[in-house]
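J.: A structural model of the following input is requested.
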Amino acid sequence: MKKTFISLSYLKQIVFLLLLLNNLPLMAAASFDYYDWQMVCDNTNTCRVAGYSSELTDSLPVSVLLTRKAGKNQAIKGELKLAYFSEEDEKVFNALPSIFQLEMRINGNKLGFVSIEKGELKGNLSNKQTDALLASPHKKSKIIWQYKTHKWVLSDKGSAAVLIKMDEYQKRLNTVGASYKKGTKNEKNVLAPKTVPLIYAQKISSDEEVILAPKAMKNLYAALPFDEEECSIDKDYDNENIKVFELSSTKALASRLCWRAAYNEGIAYWIINKKQPFNPKHVTNEGSEFYVGDDGVGFISMSQKWRGVGDCWSLKDFVWDGTKFQISNESSTGLCRGFAGGAWSLPTLISNIKVK
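T.: Okay, here's the model as predicted:
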């Protein structure tokens, strides 16, 4: 009789998964990551699962994105993305044709090809390839995409735990449509999708800075409630960096530097009255810029990178609705794994914007 050996590390993963399953529901988390995989769900209950190459591998960087909407009978869409992080990686990509085919293999089983455009380094997985990828966490798997002698190896570490969390969030555990732990239950009671919220935005004529008279600026400086616990920049540091932008005939936006870190800085923003008393209303301490789009809609944007090379970001937008700034978008770009600008857009909040 042939004996099957299971490594201690893989056995530990199995024990973890059993404990995770036995203790569900732990929480209806909108985000969860474990080793080389992560899940992020947005306010419509659409979930996105991303897997990456291990940081310990010599493989060229690769990532997959599995997207599933809430509701019954929702298929999972699979996408593949490549990146180059080093000069050696760049040499490999420079030699590739404009469109090339990567052969996909899981544990040696050939699963066809994925077409990649060199300009985007992105391709779609077929239904067969996506199904094979979803089945791979049930055992230790070697997942490879290959072009000639070049290989992109996806880590399977953490995939099962993350797929379980997606099933938990969308209430698919033990259903016929579960991504990991399938059962016999139908999908009658799975999580329903939510509609994308609509925000009515108020136009702003210009993003040009308003110049206040010296006395008014001095009074504004005194009126702004500078939170010393939140802001590491001393309140008395360069009070000339306060900027004011017109929002409407009666309201304006005031800003000043709040904090500075190794790779980022945060700007504090307040809605104020154009005339004294200013009565400032705080918006955020993490802003990056205020701008007005081509359609006249005003935004405060936040973009903070998690490490210096800029391969992972946190993003947020606030839109002016005529009374306040509402959060219109909040997202990240995934784990820090060598993808310039981030591998994917993983939103937790999305909205549609309509101009009043």
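
J.: how many neighbours does residue 174 have?
T.: If you count neighbours by other C-beta atoms under 10 Å, residue 174 ends up with 13. Heads up, the C-betas are built off the backbone N, CA and C, glycines and all.

J.: and the one 10 residues further on, by the same measure?
T.: Burial of residue 184, expressed as a neighbour count using other C-beta under 10 Å, amounts to 7.

J.: how about the strands in the stretch 51-200 of the chain?
T.: Secondary structure of the stretch 51-200 of the chain (DSSP state E, counting those that start in this stretch): strands located at 62-68, 77-82, 99-106, 109-117, 122-124, 143-147, 150-154, 198-201.

J.: chain center to the fourth one: distance?
T.: Yep, that's strand 109-117 we're talking about. Relative to its chain's centre, strand 109-117 lies at 26 Å (C-alpha atoms, centre = their mean, to the nearest Å).

J.: tilt between it and strand 150-154?
T.: With axes from the mean of the first three to the mean of the last three C-alpha atoms, to 10 degrees as the basis, strand 109-117 and strand 150-154 are set at 110 degrees to each other.

J.: related to what we said a few turns ago, would you turn the strands of the stretch 51-200 of the chain into TSV with mean neighbour count, mean pLDDT and distance to residue 335?
T.: Listed next are the strands of the stretch 51-200 of the chain as TSV, based on neighbours: other C-beta atoms under 10 Å; pLDDT from 0 to 100; distance: least, C-beta to C-beta, whole Å:
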stretch	mean neighbour count	mean pLDDT	distance to residue 335
strand 62-68	23	98	8
strand 77-82	21	98	12
strand 99-106	17	97	21
strand 109-117	15	97	21
strand 122-124	16	97	17
strand 143-147	20	97	17
strand 150-154	20	95	13
strand 198-201	14	98	30
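
J.: would you turn those strands into a markdown table with distance to residue 133?
T.: Formatted as a markdown table, those follow (distance: least, C-beta to C-beta, whole Å):
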| stretch | distance to residue 133 |
| --- | --- |
| strand 62-68 | 7 |
| strand 77-82 | 6 |
| strand 99-106 | 7 |
| strand 109-117 | 9 |
| strand 122-124 | 13 |
| strand 143-147 | 7 |
| strand 150-154 | 8 |
| strand 198-201 | 35 |
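
J.: so which of those is nearest residue 170?
T.: Of all those, strand 62-68 sits nearest to residue 170, with 7.0 Å by C-beta to C-beta.

J.: could you spell out the sheet neighbours of that closest one, each with its direction?
T.: strand 47-52 (antiparallel), strand 77-82 (antiparallel) (DSSP bridges).

J.: okay, the last one in CSV with CA atoms only?
T.: Written as CSV, here are the backbone C-alpha positions of strand 77-82 (Å, rounded to 0.1, in the frame of the first residue of the first chain):
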residue,chain,number,x,y,z
LYS,A,77,-14.4,35.9,-12.3
GLY,A,78,-10.6,35.1,-12.4
GLU,A,79,-7.9,37.5,-13.5
LEU,A,80,-4.1,37.3,-13.6
LYS,A,81,-1.5,40.0,-13.4
LEU,A,82,2.3,40.1,-13.7
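
J.: want to throw the strands paired with strand 62-68 into a markdown table with distance to residue 296?
T.: Shown next, in a markdown table, are the strands paired with strand 62-68 (distance: least, C-beta to C-beta, whole Å):
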| stretch | distance to residue 296 |
| --- | --- |
| strand 47-52 | 32 |
| strand 77-82 | 34 |
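
J.: relative to residue 213, which of these is closest?
T.: Of the strands paired with strand 62-68, nearest to residue 213 by C-beta to C-beta is strand 47-52, at 50.3 Å.

J.: so for residue 242, which of the strands of the stretch 51-200 of the chain sits nearest?
T.: strand 198-201 (25.3 Å).

J.: list the contacts of the closest one.
T.: Residues outside strand 198-201 that contact it (C-beta atoms under 8 Å, 6 or more residues apart in numbering) are 297-298, 319-322, 326, 328, 351-356.

J.: so which of those residues belong to strands?
T.: Secondary structure from DSSP state E places 298, 319-320, 326, 328, 352-355 of the contacts of strand 198-201 in strands.

J.: what's the most distant pair in the residues you listed?
T.: Pairwise distances across the ones in strands among the contacts of strand 198-201 (C-beta to C-beta) peak at 16.7 Å, for the pair 298 and 352.

J.: more crowded one of the two?
T.: It is residue 298, of residue 298 and residue 352, that has more neighbours when counted by other C-beta under 10 Å, with 26 against 10.

J.: ok, what's across the strand from the more buried one?
T.: Going by DSSP bridges, residue 298 is paired in beta bridges with residue 292.

J.: so it sits against residue 319, correct?
T.: Yes - with contact defined as C-beta atoms under 8 Å, residue 298 reaches residue 319; the gap is 7.1 Å.

J.: circling back to that earlier point, PyMOL command for the buried members of the ones in strands among the contacts of strand 198-201?
T.: The following PyMOL line selects those of the ones in strands among the contacts of strand 198-201 that are buried, judged by 16 or more other C-beta atoms under 10 Å:
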select buried, resi 298+319+320+326+328+353
